[in-house]
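Asker: Need a 3D model of the sequence below.
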Amino acid sequence: MTPNDIVSTQMYDNDAFSKWLGIELVHIEHGNCEIRLTVRKEMLNGFGIAHGGITYSLADSAFAFATNSIGHQAVSIETSISHTSKVVEGDILTAKTSLINKTRKFGIYHVDIINQEDKRVASFKGTVYYTGKDW
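Answerer: Have a look, this model is predicted:
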């Protein structure tokens, strides 16, 4: 099974939340992923900027897709995010993953969230546990 098959047919097709967010799969390869979404009005908080959960959720989905694209089922065990710039309605956000370190049982990944102006708006780091089950 290719990385794209794992993510698109095994994960994304069954991921109602990522679909509700409007996530588009841009590029999937072994251990890496790029996805994007457009910020909608219902994603804004009381300050008129995107709720922090939107960038977190985008990064978390990119993280899940990248870690599982290797072919082994992975589950998140720790994540964190830093919001570095405000996000407003109409912004197009792209999440790009990078593998920092992988062992047989654990993987550490970084996800940059950038807007349509190529400005970083958030930085996410996550650790997964590889369950030992293949896709």
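Asker: any idea which residue sits dead centre in this structure?
Answerer: Relative to the mean C-alpha position of the chain, the nearest C-alpha, by C-alpha atoms, centre = their mean, is the one of A62, at 2.0 Å.
Asker: wait, what's in contact with that residue?
Answerer: 33-35, 95-97, 111 (C-beta atoms under 8 Å, 6 or more residues apart in numbering). Glycine gets a C-beta too; all of them are placed from N, C-alpha and C.
Asker: cool, and I100?
Answerer: Counting by C-beta under 8 Å, 6+ apart, I100 has contacts 108-110, 125.
Asker: Out of those residues, which comes closest to A16?
Answerer: Proximity of those to A16 (C-beta to C-beta) peaks at Y109, which lies at 23.2 Å.
Asker: mind listing what's buried in the helix or strand hosting A66?
Answerer: Secondary-structure assignment from DSSP states H and E places A66 in helix 52-68. Of all the residues in helix 52-68, those buried under the rule 16 or more other C-beta atoms under 10 Å are 54-68.
Asker: hang on, the earlier thing: not counting sequence-adjacent ones, nearest residue to the residue nearest to the centre of the chain?
Answerer: In space, not counting the residues next to it along the chain, A62 is nearest to A95; the distance is 3.7 Å by C-beta to C-beta, 6 or more residues apart in numbering.
Asker: Then S82?
Answerer: What sits nearest to S82 in space, not counting adjacent residues and going by C-beta to C-beta, 6+ apart, is S123, at 4.9 Å.
Asker: Hmm, the one you found is touching S80, no?
Answerer: No. Counting by C-beta atoms under 8 Å, S123 does not reach S80; the two are 9.0 Å apart.
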